[in-house]
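Asker: sequence and predicted structure below; questions after.
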Amino acid sequence: MKLNRLTTMILAAMVLGIITGYAWREMAGSPEAIKSFADNLSVLTDIFLRLIKMIIAPLVFSTLVVGIARMGDSATVGRIGAKAMGWFVTASLVSLMLGLVMVNLLKPGVGLSLPLPDITASSGIEKGALTLKDFISHLIPKSVFDAMAKNEILAIVVFSLFFGTGAAAIGDKAKGLIDAIDAVAHIMLKVTGYVMNFAPFAVFAAIAGMVAKEGLGILSTYGSFMAQFYMSLGLLWLALLAMGAIFLKGRVIELLRAVREPALLAFSTASSEAAYPKTLDRLKRFGCSDRIASFVLPMGYSFNLDGSMMYCTFATIFIAQAYGIDLTLSQEITMLLILMVTSKGMAGVPRASLVVIAATLAQFNIPEAGLLLLLGVDHFLDMGRSATNVLGNAIAASVVAKTEKQLTAALPQLDDDDDIEPQGRDVELQPAMAKQG
């Protein structure tokens, strides 16, 4: 499998980060020196993640508005949205159920050879909101500028849907504005290329700081639990790929190769959000219509976080097992349904899975202190679930594009600096403006 320049540099940065972090931990004279080293390195990771956050809002808005405006009518938007949501719900149920089945089969919390935190101890994780009112408030922005400032992807998507549909409805009057927004999309894709050049430095800093702070010894302490979780994630990958193969046939392997770089980026930075621009780019190179990809992908970041959802059921039952709390089948099914709802709209929230788990534990009288068992290795676990989120959303966008006959042959292998026209692959659909002109 041929690796391009950025992928090679990210892999090299990961290896160098492990070596550097381990060496510093061994040579440092005190915990304060280790903490200072990790904090200083975190500046590089923070810079990269801030750059990513800087471009996500205008990238989502510009690509989504242009795509919707050129789809032609609201019926097309509604049909594609319904297909995407149908896939999201199905994939979410598969992820949650597989996590529930695997944690009950493997029982990682039974006989745990670790001291249990006192049930009165605080985890320091703020519980997530569970009310319908809070979800609606998160869904519909009171100000698009506020939503963009906070990088609330779902709220940006809702505004873009209205804006793009309205632009399509008025036809030629909006043509100049849509062309201008299309130019913004081109600019943001070029800026994305610039930002990605900083990714290896951010990966090095993230890995080195993590290893220096936590040490590799934590992998042996939690080795069994982590191995069981990653084995479950592996089964989820197989399940998602099998679901994708129903529609994509043999091209699902081609898609897996296409998204290896954004998945690796999400894995190494423990942030699926960091991989968003690169995932969008790789989907277009795979042959997915930009109109479909720019519509489905941002929705997926709120409704289709497959790896995070598996972790929610896996970790919640793990904590119950550790404290010897037996849940009935009906309680576990209820938990699954609650997680199905509460896990939505959490994109952009740091450690969103822990926030959702903290809220769920309280619903079933499971000690919240159990989260302290996970905090030490959560970064290692977050790496795997972030990569899984990227794969799940890439498959979702490709499947929807296939059902809409908007999936073409992949582009030839290109360098990272090569541009792709945001709307250049959509040969099947004529622009709405041309239709109405």
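Answerer: That came in fine, so what should we check first? Numbers count the residues shown, from 1 in each chain.
Asker: use CA for all of it now, contacts and neighbours both
Answerer: OK.
Asker: OK, contacts around the nearest residue to residue 218 once chain neighbours are set aside?
Answerer: Residue nearest to residue 218 in three dimensions, not counting chain neighbours: residue 377, with 7.3 Å by Cα to Cα, 6 or more residues apart in numbering. Taking Cα atoms under 8 Å, 6 or more residues apart in numbering, we find residue 377 in contact with 218-219, 222.
Asker: which one is residue 156 nearest to, not counting chain neighbours?
Answerer: residue 147 (6.3 Å).
Asker: was I right about that neighbour contacting residue 155?
Answerer: Yes. At 6.1 Å, residue 147 counts as touching residue 155 under the criterion of Cα atoms under 8 Å.
Asker: ok, the two, which is more surrounded?
Answerer: Counted by other Cα atoms under 10 Å, residue 147 and residue 155 do not tie: residue 155 has more neighbours, with 26 against 21.
Asker: doesn't the more buried one lie inside a strand?
Answerer: No. Residue 155 sits outside any strand when classified using DSSP: H, G, I helix; E, B strand; the rest coil, being helix.
Asker: show me the helices in the stretch 101-250 of the chain, by range?
Answerer: Ranges of helices in the stretch 101-250 of the chain, per DSSP state H, counting those that start in this stretch, are 132-139, 144-149, 153-170, 175-196, 199-214, 217-221, 223-248.
Asker: elements contacting the fourth one?
Answerer: Pointing back at helix 175-196 there. Under the contact criterion of 3 or more Cα pairs under 8 Å, 6 or more residues apart in numbering; DSSP states H and E, helix 175-196 touches helix 31-69, helix 276-286.
Asker: poorly predicted segments of the stretch 51-200 of the chain, please.
Answerer: Along the stretch 51-200 of the chain, the model assigns pLDDT under 70 to residues 72-73, 113, 120-138.
Asker: what about 80?
Answerer: 70-76, 111-141, 150-154 (pLDDT under 80).
Asker: tell me which of the helices and strands packed on helix 175-196 lies nearest to residue 366.
Answerer: Among these, the nearest to residue 366 by Cα to Cα is helix 31-69 (32.1 Å).
Asker: and that closest one with helix 175-196, angle?
Answerer: Computed by axes from the mean of the first three to the mean of the last three Cα atoms, to 10 degrees, the angle separating helix 31-69 from helix 175-196 equals 160 degrees.
Asker: could you report the distance from the residue nearest to residue 218 to residue 86?
Answerer: 33 Å (Cα to Cα, to the nearest Å).
Asker: related to what we said a few turns ago, can you redo the helices of the stretch 101-250 of the chain as JSON lines with distance to residue 56?
Answerer: JSON lines is the format used below for those (distance: least, Cα to Cα, whole Å):
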{"stretch": "helix 132-139", "distance to residue 56": "17"}
{"stretch": "helix 144-149", "distance to residue 56": "9"}
{"stretch": "helix 153-170", "distance to residue 56": "8"}
{"stretch": "helix 175-196", "distance to residue 56": "9"}
{"stretch": "helix 199-214", "distance to residue 56": "15"}
{"stretch": "helix 217-221", "distance to residue 56": "34"}
{"stretch": "helix 223-248", "distance to residue 56": "26"}
